[in-house]
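Q: missing the sequence, but the structure's below:
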């Protein structure tokens, strides 16, 4: 029986040509497919509620922020599992240093687990507990999936016009819909307003609002028993305590919807 990871990779490979053609940047710079999905399928399937992250695109710039002359296909999902979650040295120069983006991802997964268990704690107690330690956080990545709207390499700053053009392709949208169906999450955290708007265009659904205690509003929509939420991008520069407190409040409200 095929695993979900195998199904997703097969889906992307079988649509590789269409995914590349949808990206106008490939006309000037040879690009490649970045295979994404569930980080660790066994751990993911053990979660009582499956939370995943929908982001824009992988950053293909080098360590100095410079774009490459050409890009090859890359198993981004495998890199997340082995180099990021398991801290294994990677072949071909792949870094196993824990990326800053994933600190917030893994912290939010901790917060969500605590809310599910009715064990909401303060940010200060969370830090004191030692769960924000890098090696402890790594393990949280195994609980989730990371899906990119764009399956080809991008830069540090997203060209939203280019992404919009990319998502005009019905074949691209079909691939994204199938991938989410395969993963079958309960909650999709959309990394930023633009990603949330794209998600609604791709999947449909009526936008509803959550209002926090301090009157901040957050939008979401339902699709096939899954909630898509307009959320912060993991690399946003807000204070981590604010991100922690906000996520605790929002997740508490989300869990009440089920």
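A: Arrived safely, thanks for sending. From a predicted model like this one, the values you see are computed outputs, not experimental measurements.
Q: and the closest residue to residue 4 other than its chain neighbours, what is it in contact with?
A: With Cβ to Cβ, 6 or more residues apart in numbering as the criterion, residue 4 has its nearest non-adjacent residue at 5.1 Å, and that residue is residue 182. All C-beta spots, glycine's among them, are computed from the backbone N, C-alpha and C. When contacts are counted by Cβ atoms under 8 Å, 6 or more residues apart in numbering, residue 182 is found next to 4, 7, 8, 11, 37.
Q: In terms of pLDDT, where does the residue nearest the centre of the chain sit?
A: When Cα atoms, centre = their mean is applied to the chain, the residue found nearest the centroid is residue 53 (2.8 Å). Reported pLDDT at residue 53 in the predicted model: 98.
Q: does it sit in a helix, a strand or a coil?
A: Secondary structure of residue 53, reduced to three states by DSSP: H, G, I helix; E, B strand; the rest coil: strand.
Q: cool, residue 157 as well?
A: coil.
Q: Helices of the protein, start to end?
A: Along the chain, the segments classed as helices by DSSP state H run 4-14, 16-22, 41-45, 76-79, 101-116, 123-128, 134-138, 160-166, 170-183, 193-203, 240-255.
Q: Tell me the spacing between residue 221 and residue 145.
A: With the distance defined as Cβ to Cβ, to the nearest Å, residue 221 ends up 19 Å from residue 145.
Q: With residue 185 instead?
A: For residue 185, the distance to residue 145 - Cβ to Cβ - is 7 Å.
Q: go on, residue 205?
A: If you measure residue 205 against residue 145 using Cβ to Cβ, the figure is 20 Å.
Q: So for the two, which residue has more residues nearby?
A: Taking residue 205 and residue 145 together and counting by other Cβ atoms under 10 Å, residue 145 has the greater number of neighbours (29 against 16).
Q: Wait, that one touches residue 41, no?
A: No: here residue 145 does not reach residue 41: they are 9.0 Å apart, not a contact under Cβ atoms under 8 Å.
Q: on that earlier part again, let me see the contact set for the residue nearest to the centre of the chain.
A: Contacts for residue 53 (Cβ under 8 Å, 6+ apart) come out as 105, 144, 145, 146, 147, 188, 189, 191, 234.
Q: at 10 Å instead, please
A: Shown here is residue 53, whose contacts under the criterion Cβ atoms under 10 Å, 6 or more residues apart in numbering are 101-102, 104-105, 108-109, 144-148, 185, 187-191, 195, 231, 233-234.
Q: Residues in contact with both of residue 185 and residue 145, list them for me.
A: Each of 38, 44, 50, 51, 52, 53, 54 lies in contact with both residue 185 and residue 145 under the rule Cβ under 10 Å, 6+ apart.
Q: Kindly indicate which of these lies nearest residue 243.
A: residue 53 (13.8 Å; Cβ to Cβ).
Q: Name the residues contacting each of residue 145 and residue 41.
A: By Cβ under 10 Å, 6+ apart, residue 145 and residue 41 have these common neighbours: 4, 5, 77, 183.
Q: so where's the stretch 151-258 of the chain shaky on pLDDT?
A: In the prediction, the stretch 151-258 of the chain carries residues with pLDDT under 70 at positions 156, 215.
Q: now the closest residue to residue 82 other than its chain neighbours: how far from residue 79?
A: On the basis of Cβ to Cβ, 6+ apart, the spatially nearest residue to residue 82 that is not a chain neighbour turns out to be residue 88, at 4.5 Å. Using Cβ to Cβ, residue 88 is found at 10 Å from residue 79.
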